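*Asks:* below is the sequence, then the predicted model.
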Amino acid sequence: MYQRWSHISFIHWRYSPALVQSMLPPGLTVEEFDGSAWVGLTPFLMEDVRVPGVPALPWLSRFPETNVRTYVRDPQGRGGLWFLSLDAGRLLPVLGARAGYRLPYYWSDMSVRAEDGRRAYRCRRRRPGPTGARCDAGVELGAPLADAERDELTDFLTERYRLFTVIGGRPAHAEVEHRPWPLHRARLTHLDQDLLQAAGLTAPDGDPILHASPGVRVRVGMWSRLRTPHDRP
């Protein structure tokens, strides 16, 4: 799949590694930074979604999305994303992603507004349940983040190039290709959400760490089954 992830905000909190590990399938291990697991709430606008050789369709190829994600490693030690939930504003892409990518997508009433360095995100889950799970967030962009200002935690939370899922009871992964995120400093102006709780987490504690980006073009590859220690050579 080809797509563009636009007007994205990365909102992250620390979590107990034991709690996050309890939510992962066999074969994946929570990846820690500074002694914590990290969970991200990432609202953005999905654009130009298409398969190779097919042009993007105006209505189907553009919709808001909000993900709840964490960071894991596979048995080979490779890092990547594990999605606890993905809310999207178009029903057909939700059905396609559930069937083709085996990801926990939900159909939601959503909007993204981006103007004058401010972003407003809205999400109300329709189905499957829990119906009414929500996220209203306001983010104000600051100055661009220079390369010299990017620390290890920034890259840990944003630069991820592999997705994990479970297909037929077995873990699988897909490669993600895009240029490094052009990041901005960001400030949260308001947040009213229970998507993290709906995913099975406790309510986040403390102030989040924020980053924002105008976006990148992305290529997501096909799934490949992960080898586990129990597989025969």
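*Replies:* Noted; the coordinates are in hand.

*Asks:* W107: which element?
*Replies:* For W107, the element it lies in under DSSP states H and E is strand 105-115.

*Asks:* now the helices for this protein?
*Replies:* Remark: helices assigned in the chain by DSSP state H are 17-21, 91-100, 152-158, 195-198.

*Asks:* by how many degrees do the strand holding W107 and helix 91-100 diverge?
*Replies:* Put simply, strand 105-115 runs at 130 degrees to helix 91-100, going by axes from the mean of the first three to the mean of the last three C-alpha atoms, to 10 degrees.

*Asks:* report the buried residues of strand 105-115.
*Replies:* By 16 or more other C-beta atoms under 10 Å, the buried positions in strand 105-115 come out as Y105, Y106, W107, S108, M110, V112, A114. Heads up, the C-betas are built off the backbone N, CA and C, glycines and all.

*Asks:* partners of that strand in the sheet?
*Replies:* strand 79-88 (parallel), strand 118-127 (antiparallel) (DSSP bridges).

*Asks:* any chance of these in a markdown table with mean neighbour count as columns?
*Replies:* Formatted as a markdown table, the strands paired with strand 105-115 follow (neighbours: other C-beta atoms under 10 Å):
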| stretch | mean neighbour count |
| --- | --- |
| strand 79-88 | 20 |
| strand 118-127 | 19 |
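
*Asks:* and the helices of the chain: which comes nearest W82?
*Replies:* W82 sits nearest to helix 17-21 of all the helices of the chain, at 8.7 Å, using C-beta to C-beta.

*Asks:* would you mark the buried spots in that closest one?
*Replies:* Buried residues in helix 17-21, counted by 16+ other C-beta under 10 Å: P17, V20.

*Asks:* please, where are all the strands along this protein?
*Replies:* 2-15, 29-30, 37-50, 63-73, 79-88, 105-115, 118-127, 134-144, 162-167, 170-177, 184-193, 209-220, 224-225 (DSSP state E).

*Asks:* so what does the helix or strand of the chain with the lowest mean pLDDT touch, helix or strand wise?
*Replies:* Within the chain, judged by mean pLDDT, DSSP states H and E, the helix or strand with the poorest mean is helix 91-100; its value is a mean of 81. Contact partners of helix 91-100 among helices and strands, from 3 or more C-beta pairs under 8 Å, 6 or more residues apart in numbering; DSSP states H and E: strand 79-88, strand 105-115.

*Asks:* so how far is L163 from V176?
*Replies:* Going from V176 to L163 by C-beta to C-beta, to the nearest Å gives 6 Å.

*Asks:* try E140
*Replies:* Distance from E140 to L163, by C-beta to C-beta: 29 Å.

*Asks:* what residue ranges in the chain score low on pLDDT?
*Replies:* 59, 228-233 (pLDDT under 70).

*Asks:* got the contact list for the closest residue to P204 other than its chain neighbours?
*Replies:* Closest residue in space to P204, ignoring its immediate chain neighbours: W13 at 4.1 Å, by C-beta to C-beta, 6 or more residues apart in numbering. Shown in contact with W13 (C-beta atoms under 8 Å, 6 or more residues apart in numbering): W38, V39, P204, D205, G206, P208, I209.
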